[in-house]
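*Asks:* coords below, sequence missing:
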């Protein structure tokens, strides 16, 4: 009996000390963030609390005065929010070569979605494999691009797919969803998406429904026919049985400036019917893309060589020029359109980069007329296929649309290399710009609402349910910023400039950046879709 008693006593002692050590171990954190004003991402007002982070997760929200951690960050009264989530980027184009994704990380962005506007890296499993091997700086997910799938099967032909071609495209969409994509995107202003009919897109979008995918669309029109384009987008989502995300919403021509109901009424009507339709927006009055979308669809059918050949016909040249003037160079508001179109990249004339069409005409000793401007744009597209920046929107429209509760913030940017090209500044400044300009200066949004549009709202829309909100159990993607100092510094003239006022960026529980310096360029993960096999 004494032996049994001794055994019980020793066992109890061991269990007591084991519990003590386990308790001590559990009380230690990888990171504690103290003295911060917590904006949880839901739109609620800030509150005071400490955050305890362990094994990549937020494990404690409270007061951790007596707790220990490998690293303690004193936020010093700054705001602590979920990491910003950018669901509309083209980061996939360079992420394999530049996996740090620096120009996004230093904005406080901890998750990006690529594969937008109908284009993605195909097959996506190859990109995912490269990133798994190399590591990435922030989290990355990808959509499937309709243009990519169509091009793989049909080239750049201006026609409907045959039944066999449609079946092949459907199989490729299924393949990419099972490789881990999160949805399907269209670029209906670009080749070859411009040539597709609604029924084709519905059939392809149906393929993502079993995998809980989302349909994201660069619509056919963002000007005079924007309402029809929105109704088409809603129809596609409704018939396919998936949520709809309308990309980079804007009123992009003078004849629709101020006509918000063209956008808002069809979306709000759809939402009342129970159709999950949302939209996103970047906080600038200029777009950026190739010049191809400026030309009529028939002129660019079949690709660049056929476009160049068509220009040899004087009759076709004049048709193309007339359509270009109507789309890009006509004004009813007295706007100097030659000064509204800039060259961001030109492979043969780097001296044109950062210059508008009026300046390029002047460089070449050509009189600044609309006719000569059209000829110059055609010449540039024929010889150089440049990328451009197009000032098309009003500041008032940007502000009013930003207030809509179903509108989130995105950049529509890509991974940039400092000193290369003169790109749109959105790739460097989008998220700090919203806080600095539209919250602090213009009072378009409250700070909690702005943060919601950059965190929990995109997370719930794209079904990243363990991110975007500061709560126990969620992934520890965190940004700490100084509200009085946060500011975008990138401009259209000097875009390669990182923002100010972001103190810390934490990705999956690891410090990724501090005061504009990269600390860890491999803290990110691939966020796979629900269909991943």
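*Replies:* Nice, thanks for sending it over. No experiment lies behind these values; they were computed from the predicted model shown. Residues are numbered from 1 along each chain as shown.
*Asks:* And the helices in the stretch 301-450 of the chain, which stretches?
*Replies:* 304-311, 314-324, 357-363, 370-383, 395-402, 426-433, 447-454 (DSSP state H, counting those that start in this stretch).
*Asks:* list the buried ones in the lengthiest strand in the chain?
*Replies:* Longest strand in the chain by number of residues (criterion: DSSP state E): strand 28-38. Buried residues in strand 28-38, counted by 16 or more other CB atoms under 10 Å: 29, 30, 31, 32, 33, 34, 36, 37, 38. The way it works is simple: take the backbone N, C-alpha and C, and place the C-beta from them, glycine included.
*Asks:* try stretch 511-528
*Replies:* 511, 512, 513, 514, 519, 520, 521, 523, 524, 525, 526, 527.
*Asks:* and the end-to-end length of that stretch?
*Replies:* 23 Å (CA to CA, to the nearest Å).
*Asks:* Stretch 214-224 too?
*Replies:* 26 Å.
*Asks:* list the buried ones in that stretch?
*Replies:* 214, 215, 216, 217, 218, 219, 220, 221, 222, 223.
*Asks:* what stretches of this structure score poorly on pLDDT?
*Replies:* Applying pLDDT under 70 to the chain picks out residues 1-27.
*Asks:* that older thread, which of the buried residues of stretch 511-528 sits closest to residue 280?
*Replies:* Closest approach between the buried residues of stretch 511-528 and residue 280, by CB to CB: residue 527, at 17.4 Å.
*Asks:* Take the buried residues of stretch 511-528 and lay them out in JSON lines including distance to residue 182 and secondary structure.
*Replies:* Formatted as JSON lines, the buried residues of stretch 511-528 follow (distance: CB to CB, whole Å; DSSP: H, G, I helix; E, B strand; the rest coil):
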{"residue": "511", "distance to residue 182": "27", "secondary structure": "strand"}
{"residue": "512", "distance to residue 182": "22", "secondary structure": "strand"}
{"residue": "513", "distance to residue 182": "25", "secondary structure": "strand"}
{"residue": "514", "distance to residue 182": "30", "secondary structure": "strand"}
{"residue": "519", "distance to residue 182": "28", "secondary structure": "coil"}
{"residue": "520", "distance to residue 182": "25", "secondary structure": "coil"}
{"residue": "521", "distance to residue 182": "23", "secondary structure": "coil"}
{"residue": "523", "distance to residue 182": "20", "secondary structure": "coil"}
{"residue": "524", "distance to residue 182": "16", "secondary structure": "coil"}
{"residue": "525", "distance to residue 182": "14", "secondary structure": "coil"}
{"residue": "526", "distance to residue 182": "11", "secondary structure": "strand"}
{"residue": "527", "distance to residue 182": "7", "secondary structure": "coil"}
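*Asks:* just those now: which is nearest residue 124?
*Replies:* For these, the nearest to residue 124 is residue 526 (10.1 Å; CB to CB).
*Asks:* got the contact list for the residue nearest to residue 341 when sequence neighbours are not counted?
*Replies:* Of all residues not flanking residue 341 in the chain, residue 357 sits nearest, at 4.9 Å (CB to CB, 6 or more residues apart in numbering). Residues near residue 357 by CB atoms under 8 Å, 6 or more residues apart in numbering: 338, 339, 341, 342, 373, 376, 377.
*Asks:* Ok, residue 128 next?
*Replies:* 142, 179, 180, 526, 528.
*Asks:* Mind checking which of those residues land in strands?
*Replies:* Using DSSP E, those in strands are residue 142.
*Asks:* which two in the contacts of residue 128 are spaced the farthest apart?
*Replies:* Pairwise over the contacts of residue 128, using CB to CB, the maximum falls at 179 and 526, 10.7 Å.
*Asks:* Skipping adjacent residues, who's closest to residue 141 in space?
*Replies:* Residue 141 sits nearest to residue 527 (CB to CB, 6+ apart), 4.1 Å away.
*Asks:* State the phi and psi torsions of that neighbour.
*Replies:* phi -100, psi 110 (degrees, to the nearest 10).
*Asks:* From residue 508, how far out is it?
*Replies:* Between residue 527 and residue 508 the distance is 11 Å, computed by CB to CB, to the nearest Å.
*Asks:* and if you look at residue 470?
*Replies:* If you go by CB to CB, the gap between residue 470 and residue 508 works out to 14 Å.
*Asks:* Kindly report the same for residue 428.
*Replies:* Counting by CB to CB - residue 428 and residue 508 are separated by 23 Å.
*Asks:* swap in residue 479?
*Replies:* 13 Å.
*Asks:* Just flag the most distant two among the buried residues of strand 28-38.
*Replies:* Maximum distance among those (CB to CB): 21.8 Å, for 30 and 37.
*Asks:* On the three-state scheme, residue 245 is what?
*Replies:* Secondary structure assignment for residue 245 (DSSP: H, G, I helix; E, B strand; the rest coil): strand.
*Asks:* all numbers from here: first residue = 181
*Replies:* New numbering, starting at 181: the last item is residue 425.
*Asks:* now it, nearest residue through space, not along the chain?
*Replies:* Using CB to CB, 6+ apart and skipping the chain neighbours, the partner closest in space to residue 425 is residue 396 (4.2 Å).
*Asks:* residues contacting the one you found?
*Replies:* Residue 396 makes contact with 267, 268, 296, 323, 363, 364, 365, 366, 424, 425, 426, 427, according to CB under 8 Å, 6+ apart.
*Asks:* re earlier: show me the contact partners of the longest strand of the chain.
*Replies:* 226-235, 239-241, 244, 247-261, 650, 656, 658, 660, 686, 689, 691.
*Asks:* go on, stretch 297-305?
*Replies:* By CB under 8 Å, 6+ apart, stretch 297-305 touches 270, 272-273, 276, 294-295, 307, 322-329, 332, 355-356, 359-361, 365-368, 370, 373, 398, 427.
*Asks:* Now the buried members of these.
*Replies:* 270, 272-273, 276, 294-295, 307, 322-329, 355-356, 359-361, 365-368, 370, 373, 398, 427.
*Asks:* and this protein, what are its domains?
*Replies:* Following automatic domain parsing, the chain resolves into domains at 262-465+572-698, 470-571.
*Asks:* need the contact list for the spatially most central residue of the chain.
*Replies:* Residue closest to the average C-alpha location in the chain (CA atoms, centre = their mean): residue 268, at 2.0 Å. The contact partners of residue 268, taken as CB under 8 Å, 6+ apart, are 293, 296, 396, 427, 428, 460, 590, 591, 592.
*Asks:* could you pull out the helices for the stretch 181-330 of the chain?
*Replies:* Counting by DSSP H, counting those that start in this stretch, the helices of the stretch 181-330 of the chain are 182-207, 282-285, 304-314, 326-334.
*Asks:* same question, the stretch 331-480 of the chain
*Replies:* Under DSSP H, counting those that start in this stretch, the stretch 331-480 of the chain gives helices at 343-358, 378-385, 406-420, 441-452, 477-480.
*Asks:* between the ones you listed, which gets nearest to residue 664?
*Replies:* Here helix 441-452 is closest among the helices of the stretch 331-480 of the chain (CB to CB), at 33.4 Å.
*Asks:* For the closest one, enumerate the helices and strands it packs against.
*Replies:* In terms of contacts (3 or more CB pairs under 8 Å, 6 or more residues apart in numbering; DSSP states H and E), helix 441-452 is packed against helix 406-420, strand 457-461.
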